[in-house]
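*Asks:* sharing a model that was predicted from the sequence below.
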Amino acid sequence: METDVADVEQAVSTGRLPGWDRVETLIGAAYERYLPHTGGAVADYIPILAAADPGIFGLSVAEVDGGVHRAGAADTEFTIQSISKAFVYALVCDELGHEVVRDRVGVDNTGLGFDSVIAIELNAGHPMNPMVNAGALATTALVPGATPAEQWERIRTGLSRFAGHQLPLDGAVYHSESLTNQRNRAIARLLESYGRIDLDPLQVVDVYTRQCSLRVSARDLAVMGATLADGGVNPATGERAVSPEVCRDTLSVLAANGMYERSGDWLFEIGLPAKSGVAGGIVAVAPGKGAIGTFSAPLDSAGNSVRGQRAIAYLSRALGLNIFASAAHSPTGRSVTA
Ligand code: GLU
């Protein structure tokens, strides 16, 4: 990915965010800096997404103390799409435990596109990780519930707990994707043929398509991410969504797989676990500190929002969020105390 942050002073992680005013200044600066950026193309393989306004840009930072910063169209809603995969994975891990989901779904990057069929074939039917469509379908199939309607209700309630309010379904996007998701249906059938999905594959695809069609804003994504940064407690409502262990597991899966086949590149440039979706949202999580949510519809060729990536690169650097960046404890060398 391309970033342009060499001119931004590299702050290092201190264990907490800088003060409120500094974060306000930097989120405003990130908005101004990337609003004029016109790179990328709006997704159109789900027909209704092609109608998105490429000029809309929203940014939000949610802190683990409950404070929320906003810039631009931070309250404009769009569909969560693949970002739902992160939170459904967390819910399923919370219900079934780390080992079961690791065995059934996996944690390793495929190095291939999010809707790859070849990846399934190359791995003898194993879906590989929960952030690609194969693994997300296998994960959704594990959501507890006697019927697809019960599973869907569980997902909507669970994701709403992360956001702190009831997330609405976008009926038009759900309808548009349902008419055109033949590829996801094929992936689910293939998983069924390998014994990786025990339920009716088409019903699993339907629940998955609904979860992708939940509406969120950049602000919602920031709060949802801050819940993962806060050991599973929503900092805005004080309600627990999942356990601290599940947050840790989810964030490690995001670090390896959250930005599709560009996940390594992303981690190298930005140093934060993150997840993006084809409607143009990204959530990036700074464990113990907070999270950034962004919305801008134009995407790069892997499906990651171009403005969103740049703005998060800027904020990660300026706010000192990169989890790999450190400064010497004793800048002049080792201080030895006898
Ligand atoms: N609902 C979309 C799909 O399954 C989500 C893709 C994405 O956001 O990466 O194709």
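*Replies:* Perfect, thanks for sending it.
*Asks:* distance of the closest residue to residue 166 other than its chain neighbours from residue 195?
*Replies:* Of all residues not flanking residue 166 in the chain, residue 160 sits nearest, at 4.9 Å (Cβ to Cβ, 6 or more residues apart in numbering). (Glycine included, C-beta is placed from N, CA and C.) For residue 160, the distance to residue 195 (Cβ to Cβ, to the nearest Å) stands at 33 Å.
*Asks:* again, but for residue 159
*Replies:* Counting by Cβ to Cβ, the gap from residue 159 to residue 195 is 28 Å.
*Asks:* what's the burial count for residue 144?
*Replies:* Number of residues near residue 144 (other Cβ atoms under 10 Å) recorded here: 11.
*Asks:* where does it sit, in terms of helix or strand?
*Replies:* Assigned by DSSP states H and E, residue 144 belongs to neither a helix nor a strand.
*Asks:* distance of it relative to residue 155?
*Replies:* In terms of Cβ to Cβ, residue 144 sits 10 Å off from residue 155.
*Asks:* next SSE after the helix or strand encompassing residue 204?
*Replies:* For residue 204, the element it lies in under DSSP H and E is helix 201-212. For helix 201-212, the succeeding helix or strand toward the C-terminus, using DSSP H and E, is strand 215-216.
*Asks:* so which bits of the helix or strand that that following strand is followed by are buried?
*Replies:* Following strand 215-216 in sequence order, the next helix or strand is helix 218-229 (DSSP H and E). Residues of helix 218-229 classed as buried: 218, 219, 220, 221, 222, 223, 224, 225, 226, 227, 228, 229 (neighbour count, 16 or more other Cβ atoms under 10 Å).
*Asks:* just give me the closest of those residues to residue 248.
*Replies:* residue 228 (9.2 Å; Cβ to Cβ).
*Asks:* higher neighbour count, residue 160 and residue 195?
*Replies:* Shown here are residue 160 and residue 195; by other Cβ under 10 Å, residue 160 has more neighbours (18 against 8).
*Asks:* element containing that one, please.
*Replies:* For residue 160, the host element (DSSP H and E) is helix 148-163.
*Asks:* now for that helix, which elements pack on it?
*Replies:* helix 83-96, helix 201-212, helix 218-229 (3 or more Cβ pairs under 8 Å, 6 or more residues apart in numbering; DSSP states H and E).
*Asks:* relative to the ligand, how far out is the residue nearest to the spatial centre of the chain?
*Replies:* The chain has residue 275 as the residue nearest its centroid, 2.5 Å off, counting by Cα atoms, centre = their mean. Going from residue 275 to the ligand by Cβ to the nearest ligand atom, to the nearest Å gives 9 Å.
*Asks:* show me which residues of this protein sit near the ligand.
*Replies:* With Cβ under 6 Å from any ligand atom as the criterion, the chain comes near the ligand at residues 81, 82, 114, 115, 133, 177, 184, 212, 277, 278, 303.
*Asks:* the same query, at a cut-off of 8 Å, please.
*Replies:* Contacts of the chain with the ligand, taken as Cβ under 8 Å from any ligand atom, map to 43, 45-46, 79, 81-83, 114-115, 133, 136, 177, 181, 183-184, 208-209, 212-213, 260, 276-279, 303.
*Asks:* for ChimeraX, what selects the buried ones among these?
*Replies:* Listed next is the ChimeraX selection for buried residues among the residues of the chain next to the ligand, using 16+ other Cβ under 10 Å:
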select :43,46,79,81,82,83,114,115,133,136,177,181,184,208,209,212,213,260,276,277,278,279,303
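*Asks:* quick one: which of the residues of the chain next to the ligand sit in strands?
*Replies:* Among these, the members falling in strands (DSSP state E) are 79, 276.
*Asks:* who touches the least confident helix or strand in the chain by mean pLDDT?
*Replies:* Using mean pLDDT, DSSP states H and E, the weakest-scoring helix or strand in the chain turns out to be helix 118-122, at a mean of 81. Helix 118-122 has contacts (Cβ atoms under 8 Å, 6 or more residues apart in numbering) with 110, 111, 112, 126, 127, 128, 132, 134, 187, 190, 191, 194.
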